[in-house]
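In: Next come a sequence and a model predicted from it.
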Amino acid sequence: MRGLPFRGLVCKYAAVTETRIDRLRDMRIDRLRSSSGGPASRQAYRALRDAIIATELEPGQQLSENELAERLAVSRTPIREALIRLRDDRFVQIVPQLGTFVTRISTAAVEDAQFIRESLECAAVRLAATRAQDADIAALGDLVRRQAEVVEHGDYERFAVLDDEFHAALCELAGRAVAWEVAQRVKGHLNRVRRLSLPQPHYLDEMVAEHRLVLDALQRRDPDGAETTLRHHLRMVLSALPAIRLQHPDYFEDGRS
């Protein structure tokens with residue numbers, strides 16, 4: 001069941017349905033029960049953020065603090081704190097007297113985040129091409145091989161993790177891990193589009209092929225080639241955006257008439 005629309009709210013929403021409850025029982029946020037990753041509010045934030053990026057919590061969906069607390073086996077306080085952080089990240093909007101809703105995806109925010117990410121990572125990969133050692137190249141090669149393996153099994157979730165590892169590694173090899181950290185803070189809407197793009201036909205195969213081209217440029221110690229290849233690769237998500245908007249118009253702020 002799709003979440004209730006969030007634009008143009010003029011009335012209060014009904015209680016969460018049994019269908020939505022059943023969906024949440026299957027969500028990854030249940031993994032928090034066995035997690036030991038710090039304070040409950042931080043764990044709740046990470047779990048909810050991941051669920052929003054993966055559209056397990058759909059754009060426009062109303063969130064219930066009570067239900068989220070039950071699913072995460074925590075009190076309402078860490079849930080409330082997590083939702084405030086998610087509001088600051090523009091993943092949720094808290095509407096007085098109406099409730100908390102997963103935000104729809106902003107195309108403008110996607111483009112802004114893409115600009116920042118491209119600027120930072122392309123600068124980093126130039127440095128990586130001059131600094132990477134043979135062992136670093138080999139480690140990246142192993143990572144790309146693992147990506148190809150999960151693509152064969154259609155494991156989108158695992159590929160998303162390995163994709164992030166690849167790009168984070170490029171920034172680390174450049175000695176600019178902060179570039180990845182900054183990009184992560186601003187690319188919330190972009191990450192949601194990236195996840196929606198993964199099931200597009202041949203998209204994952206193209207991503208792996210372009211990772212190999214970046215790796216080849218690093219192996220040649222070619223900063224210009226590395227930058228050009230990575231820039232083209234990073235823009236793939238924008239090329240997939242029209243098809244994603246057509247497939248999921250209700251997910252976008254400006255996707256419906």
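Out: Nice, thanks for sending it over. The model shown is predicted, which means the values in this text are computed figures rather than measured ones. Residues are numbered from 1 along each chain as shown.
In: got any ranges where the protein has weak pLDDT?
Out: Scanning the chain with the threshold set as pLDDT under 70 gives 1-38, 255-257.
In: Show me the helices in it, by range?
Out: Using DSSP state H, the helices of the chain run over residues 18-25, 40-53, 65-72, 76-88, 107-131, 134-152, 156-173, 177-186, 188-197, 203-219, 223-234, 236-247.
In: ranking these by burial, who's on top?
Out: Of all the helices of the chain, helix 188-197 carries the top mean neighbour count, a mean of 23, counting by mean count of other CB atoms under 10 Å. From N, CA and C alone the C-beta is placed, and that goes for glycine too.
In: Can you redo the helices of the chain as JSON lines, where the extra columns are distance to residue 95?
Out: Converted to JSON lines, these look like this (distance: least, CB to CB, whole Å):
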{"stretch": "helix 18-25", "distance to residue 95": "18"}
{"stretch": "helix 40-53", "distance to residue 95": "17"}
{"stretch": "helix 65-72", "distance to residue 95": "14"}
{"stretch": "helix 76-88", "distance to residue 95": "11"}
{"stretch": "helix 107-131", "distance to residue 95": "19"}
{"stretch": "helix 134-152", "distance to residue 95": "39"}
{"stretch": "helix 156-173", "distance to residue 95": "30"}
{"stretch": "helix 177-186", "distance to residue 95": "24"}
{"stretch": "helix 188-197", "distance to residue 95": "19"}
{"stretch": "helix 203-219", "distance to residue 95": "35"}
{"stretch": "helix 223-234", "distance to residue 95": "34"}
{"stretch": "helix 236-247", "distance to residue 95": "24"}
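In: With residue 254 as the reference, name the closest of the ones you listed.
Out: Residue 254 lies closest to helix 107-131 among these, at 6.0 Å (CB to CB).
In: still on that earlier bit, residue 253 is nearest to which of the helices of the chain?
Out: Among those, helix 107-131 comes nearest to residue 253, with 7.3 Å by CB to CB.
In: now the angle from the closest one to helix 203-219?
Out: Interaxial angle of helix 107-131 relative to helix 203-219 (axes from the mean of the first three to the mean of the last three CA atoms, to 10 degrees): 30 degrees.
In: what packs against helix 107-131?
Out: helix 156-173, helix 177-186, helix 188-197, helix 203-219, helix 223-234, helix 236-247 (3 or more CB pairs under 8 Å, 6 or more residues apart in numbering; DSSP states H and E).
In: how about JSON lines for these, with distance to residue 82 added?
Out: As requested, those are exported to JSON lines (distance: least, CB to CB, whole Å):
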{"stretch": "helix 156-173", "distance to residue 82": "21"}
{"stretch": "helix 177-186", "distance to residue 82": "16"}
{"stretch": "helix 188-197", "distance to residue 82": "14"}
{"stretch": "helix 203-219", "distance to residue 82": "31"}
{"stretch": "helix 223-234", "distance to residue 82": "29"}
{"stretch": "helix 236-247", "distance to residue 82": "27"}
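In: Please name the spatially closest residue to residue 123 (chain neighbours excluded).
Out: Distances taken as CB to CB, 6 or more residues apart in numbering place residue 179 nearest to residue 123, at 7.2 Å, with adjacent residues excluded.
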